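Enquirer: here is the input, now give the coordinates:
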Amino acid sequence: MSTHAHPSKKTGRPPARRVKPTGNRRWRRRFPLLPALIFTIIVTQLPFVATLVISTFQWNILQPGDRHFTGLSNYTVVFTDERLRSAVVNTVVLTASVVIISVVLGLGLALLLDRRFLGRGLARTLLIAPFLVMPVAAALLWKHAIYNPDYGLLNGTLNAVYRLFGADNGPTVDWVSSFPMPALVIALVWQWTPFMMLILLAGLQAQPGDVLEAARVDGASALQTFRLITLPHLRQYIELGTVLGSIFVVQTFDAVYTITQGGPGSRTTNLPYEIYLTMFRKFEYGQAAAAGVVVVIGSIVIATFALRVVASLFREEVSR
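Expert: Just a heads-up that it's a prediction; the model follows:
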């Protein structure tokens, strides 16, 4: 096959070839990004390498002279220790519960905000507000203003309802001690539902209007339109919200530390909080570093799926 360019039929001249940038030109274009790359490596990669090195040592700060290399034994402890296994189970339960409930509620709110009604802008602002609250502030709000057994909103509401029916007082429930995991899940759902709502609302507003109009003309009901058109269109947005939410919720520390402190009986201790206990209560630096590496690897796996979903969304938008 000839490698020469064929002449254009219209002009009779060979088409212009794209000139590939030389090595010097490529480096001149990339050089302005070099400081950012160096900064990123210093801030993220060097600490991770240090964590990998520490994870191969038996290192307890209470015994500073007994530090020695142990290879992968700390990782064996991570996968066989009963407390860490319990923390893994709690992390999965917490993450799955928060993400699933947040996606369902976010979808309902997104469908509501996709319609036109008086005060929609104000309603959208108020519904987004919980996501803008700092995690520690949100956890303190739920712990003291809502869950507190003496002056919390839940017990105050129960007492008011009981008084309506003639009782002197309602029950005094210690919500955090009696229902630790549901209390934690509800607080996190309150904070993460707006995030899911924004993603799904963007998906709803990206629906092709001509398809929806054709469905109305063909006599499709609202339920049929949602089930056969809207829900398949939102599939990738739901996947994106699920994956991104999982990345963030699996790293939850603030709410666990503030509301339950892992209790009672380690029933809400997740992996980040267990790493904190291993590091600052047991002072086992090697085991804490190994558990941190495991969490980072798990987050990278989830992030990989997130990037694939985002890439597929962009490909779909470009192909339209």
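Enquirer: next one: the helix or strand bottoming out on mean pLDDT in the chain to chain centre, how far?
Expert: For the chain, counting by mean pLDDT, DSSP states H and E, helix 23-30 ranks last in confidence among helices and strands (a mean of 74). The chain centre lies 37 Å from the centre of helix 23-30; the measure is CA atoms, centre = their mean, to the nearest Å.
Enquirer: return the distance of residue 132 relative to residue 268.
Expert: For residue 132, the distance to residue 268 equals 25 Å [CB to CB, to the nearest Å]. Using the backbone N, CA and C atoms, a C-beta is placed for each residue, glycine as well.
Enquirer: so if I had to pick from these two, which one is more boxed in?
Expert: Neighbour comparison, residue 132 and residue 268: the larger count goes to residue 268, with 25 against 10 (by other CB atoms under 10 Å).
Enquirer: wait, the more buried one sits on residue 97?
Expert: No: counting by CB atoms under 8 Å, residue 268 does not reach residue 97; the two are 11.5 Å apart.
Enquirer: any common contacting residues for those two?
Expert: Common neighbours of residue 268 and residue 97 are listed as residue 181 (criterion: CB atoms under 8 Å, 6 or more residues apart in numbering).
Enquirer: just for the protein, where's the confidence low?
Expert: Within the chain, the segments meeting pLDDT under 70 span 1-23, 310, 313-320.
Enquirer: quick check: longest helix of the chain.
Expert: In the chain, taking DSSP state H as the definition, the longest helix is helix 285-319.
Enquirer: buried ones in the one helix or strand residue 50 maps to?
Expert: Using DSSP states H and E, the element containing residue 50 is helix 46-54. Using 16 or more other CB atoms under 10 Å as the test for burial, helix 46-54 gives 51, 54.
Enquirer: what sits up against it?
Expert: In contact with helix 46-54 (CB under 8 Å, 6+ apart) are residues 285-286, 289, 292-293, 296.
Enquirer: CA atoms only for that helix, dumped as PDB, please.
Expert: The C-alpha trace of helix 46-54 is given here as PDB (Å, rounded to 0.1, in the frame of the first residue of the first chain):
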ATOM      1  CA  LEU A  46       5.000  10.300  49.300                       C
ATOM      2  CA  PRO A  47       2.700   9.900  52.300                       C
ATOM      3  CA  PHE A  48       1.200   6.800  50.800                       C
ATOM      4  CA  VAL A  49       4.600   5.300  50.200                       C
ATOM      5  CA  ALA A  50       5.500   6.100  53.800                       C
ATOM      6  CA  THR A  51       2.300   4.300  54.900                       C
ATOM      7  CA  LEU A  52       3.200   1.300  52.800                       C
ATOM      8  CA  VAL A  53       6.700   1.100  54.500                       C
ATOM      9  CA  ILE A  54       5.200   1.500  58.000                       C
END
